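Show me how the following folds:
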Amino acid sequence: MKTDLRGKDLITTQEWSKAELESVLDVADQLKAEFAADQWAHHDALTGYSLFELFYNTSTRTRNSFEAGINQLGGYPHIMSPDQLQLEHGESAKETAKVLSRYGHALAVRVLGGAVDFEYPRGTEIIRDYQEGADIPVYNMQCDTYHPCQTLADLQTVRERKGSIEDINFTISYAYAPEVRRPVSVPHSSILGFTKMGANVTLAHPEDIELDPEIVEQAEENADKANVDFTVEHDMERGFRDADIVYPKHWVSYKVGERGTEAEKEIHDQNQDWICDEEMLSNANDDANYMHCLPAKRGFEATDAVMDGPQSVIYDQAENRMHAQKGLMLLTMGGRGYGSGR
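Presented below is the predicted three-dimensional model:
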């Protein structure tokens with residue numbers, strides 16, 4: 001286990017080693033076991049610590065999992081939106097981060113999609129501005145390129161269900177939805193995180209709904225380093241074959257900003273057959289699990305029979321958002337040296 005993570009930012013899992021990520025997952029498992037047993041051995045681990053949460057976009061799981069998590073560790077969440085700060089009066093992200101660093105112990109930011117007019121990768125650039133100014137850990141609660149906290153929870157869920165991440169067959173697939181709004185951050189972080197952790201990863205999507213080629217190249221490099229497979233398919237059925245995990249979700253191309261939403265929607269509407277129903281799920285292994293980060297467009301991305309069926313682990317994923325983030329906060333806000341360097 002890596003025990004020297006205090007002060008480390010999480011913008012993308014690419015900036016963490018496999019051993020560092022495993023350390024977060026190990027602590028998350030311990031905290032989840034304590035939560036299940038109603039034992040609170042770490043309820044005061046971050047007493048007196050403040051987590052600043054800045055939301056440019058609305059949230060259900062991200063906001064509440066971070067808020068509940070920091071409370072369970074004894075800390076306090078400060079929930080903010082840009083209109084409540086001086087950002088609209090010309091104060092920069094860098095200056096804001098410097099000020100908040102004087103008040104508390106970590107800063108988490110969520111900015112993507114409509115908040116930046118789908119100008120990829122503007123949300124990521126904004127988070128990097130906060131990171132540049134901060135003297136405390138900065139957590140990416142989702143930008144238009146990455147969603148690392150979701151990937152932490154997904155890794156924890158797969159490890160629980162399959163016993164190991166290494167050498168499993170993991171498929172992240174596009175699925176149709178009528179709205180043009182979901183960014184590429186989840187599939188990006190999925191292919192990066194799971195290849196880094198040693199899974200065989202298949203990315204399935206229609207040809208015109210692609211991911212950022214730089215991110216795909218990084219996933220290929222991760223796979224080469226881990227000696228596992230990384231495959232791109234343009235057929236959903238082929239992408240599901242022999243999969244231990246299937247993760248079909250909607251996303252829009254990283255090119256949506258330059259294409260425009262109407263042109264993007266025309267492309268998506270040609271792929272309405274990209275849906276995970278029971279027949280599609282049957283192409284995966286018999287004991288395969290269905291995953292989705294939520295929210296999902298039921299009846300479009302997946303059917304009720306799949307989402308509520310015995311192979312679904314979507315609510316385990318949602319719960320693990322809290323436990324994985326608790327592990328992250330405990331190690332990076334507190335961590336080694338707790339009690340001596342506050």
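
which element is Pro206 on?
Counting by DSSP states H and E, no helix or strand carries Pro206.

Can you show me the strands along the stretch 1-150 of the chain?
50-55, 76-80, 106-110, 138-140 (DSSP state E, counting those that start in this stretch).

contacts for the second one?
Contacts to strand 76-80, defined as CB atoms under 8 Å, 6 or more residues apart in numbering, come from residues 49-55, 63, 66-67, 70-71, 104. The C-beta positions use only the backbone N, C-alpha and C, and glycine is treated the same way.

run the last query once more with 6 Å
Ser50, Leu51, Phe52, Glu53, Leu54, Glu67, Ile70 (CB atoms under 6 Å, 6 or more residues apart in numbering).

Include neighbour count and distance to Val228 when you put the residues you listed into TSV, please.
Output for the contacts of strand 76-80, formatted as TSV (neighbours: other CB atoms under 10 Å; distance: CB to CB, whole Å):
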residue	neighbour count	distance to Val228
Ser50	18	40
Leu51	27	35
Phe52	25	37
Glu53	22	35
Leu54	25	36
Glu67	18	36
Ile70	27	35
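
circling back: may I see the strands of the stretch 1-150 of the chain organised as TSV, with mean pLDDT and distance to Gln311 added?
Listed next are the strands of the stretch 1-150 of the chain as TSV, based on pLDDT from 0 to 100; distance: least, CB to CB, whole Å:
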stretch	mean pLDDT	distance to Gln311
strand 50-55	98	33
strand 76-80	98	34
strand 106-110	98	30
strand 138-140	98	30
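
quick one: which of those strands is nearest Asp229?
Asp229 lies closest, by CB to CB, to one member of these: strand 138-140, at 27.4 Å.

That closest one packs against which elements?
Here strand 138-140 touches helix 122-133, going by 3 or more CB pairs under 6 Å, 6 or more residues apart in numbering; DSSP states H and E.

Now do the helix it packs on, average pLDDT.
Across helix 122-133, pLDDT averages out at 98.

mind checking pLDDT for the one residue sitting closest to the centre of the chain?
Centroid-nearest residue in the chain: Gln150, 2.5 Å away (criterion: CA atoms, centre = their mean). Note for Gln150: predicted pLDDT of 98.

of all the contacts of strand 76-80, which two lie farthest apart?
Once CB to CB is applied, the contacts of strand 76-80 give Leu54 and Ile70 as the farthest pair, at 14.2 Å.

quick one: the residue nearest to the residue nearest to the centre of the chain when sequence neighbours are not counted from Asp129, how far?
In this structure, Gln150 finds its nearest non-sequential neighbour in Cys293, 5.1 Å apart by CB to CB, 6 or more residues apart in numbering. In this view, Cys293 and Asp129 are 26 Å apart by CB to CB, to the nearest Å.

who's more crowded, these two?
Taking other CB atoms under 10 Å, Cys293 and Asp129 do not tie; Cys293 has more neighbours (24 against 17).
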